[in-house]
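Enquirer: sequence first, then the predicted structure:
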Amino acid sequence: MKLPVFRSVALVYCFYSRSLSGEEKHDQATIATKLRSLKQVFSVVLLILFVYGHIRQIFTYSTFLLSSVQKQ
């Protein structure tokens with residue numbers, strides 16, 4: 001699955017990293033590897049946010065249940 005957002009971010013990243021190192025060539029293999037690594041990082045970040053959201057929701061619900069039990 002190729003997303004244009006990831007591709008443009010990969011192109012900017014390749015351009016920036018190569019301009020720092022002094023290289024000026026942008027080949028498709030480098031762009032593809034940067035794109036794959038960006039997808040993996042993005043997937044891990046989304047997974048962490050998803051797990052954090054569920055843990056926070058469970059914690060909020062459990063504190064709500066505890067407070068309602070203690071009021072009785």
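Expert: Noted; the coordinates are in hand.
Enquirer: count of neighbours near residue 34?
Expert: Neighbourhood size, residue 34 [other CB atoms under 10 Å]: 19. Glycine gets a C-beta too; all of them are placed from N, C-alpha and C.
Enquirer: just the element for it, please.
Expert: helix 28-71 (DSSP states H and E).
Enquirer: pLDDT of that helix, averaged?
Expert: For helix 28-71, mean pLDDT is 84.
Enquirer: and it, what does it pack onto?
Expert: helix 4-21 (3 or more CB pairs under 8 Å, 6 or more residues apart in numbering; DSSP states H and E).
Enquirer: let me see the mean pLDDT of the helix it packs on.
Expert: In the prediction, helix 4-21 has an average pLDDT of 65.
Enquirer: neighbours of residue 32, how many?
Expert: 13.
Enquirer: tell me who's in contact with it.
Expert: By CB atoms under 8 Å, 6 or more residues apart in numbering, residue 32 lies in contact with nothing.
Enquirer: where's it relative to residue 38, distance?
Expert: 11 Å (CB to CB, to the nearest Å).
Enquirer: now residue 48
Expert: In terms of CB to CB, residue 48 sits 16 Å off from residue 38.
Enquirer: who's more crowded, the two?
Expert: Neighbour tally, residue 48 and residue 38, criterion other CB under 10 Å: the higher count belongs to residue 38, 17 against 10.
Enquirer: against residue 50, how distant is that one?
Expert: 18 Å.
Enquirer: what does residue 66 give?
Expert: Taken as CB to CB, the span from residue 66 to residue 50 is 25 Å.
Enquirer: run a quick neighbour tally on residue 65.
Expert: Quick note: residue 65 (other CB under 10 Å) scores 10 neighbours.
Enquirer: cool, the one 5 residues further on as well?
Expert: Look at residue 70: counted by other CB under 10 Å, it has 7 neighbours.
Enquirer: pull up the gap between it and residue 59, please.
Expert: Computed as CB to CB, the residue 70 to residue 59 distance reads 16 Å.
Enquirer: repeat that for residue 49.
Expert: Using CB to CB, we find residue 49 at a distance of 15 Å from residue 59.
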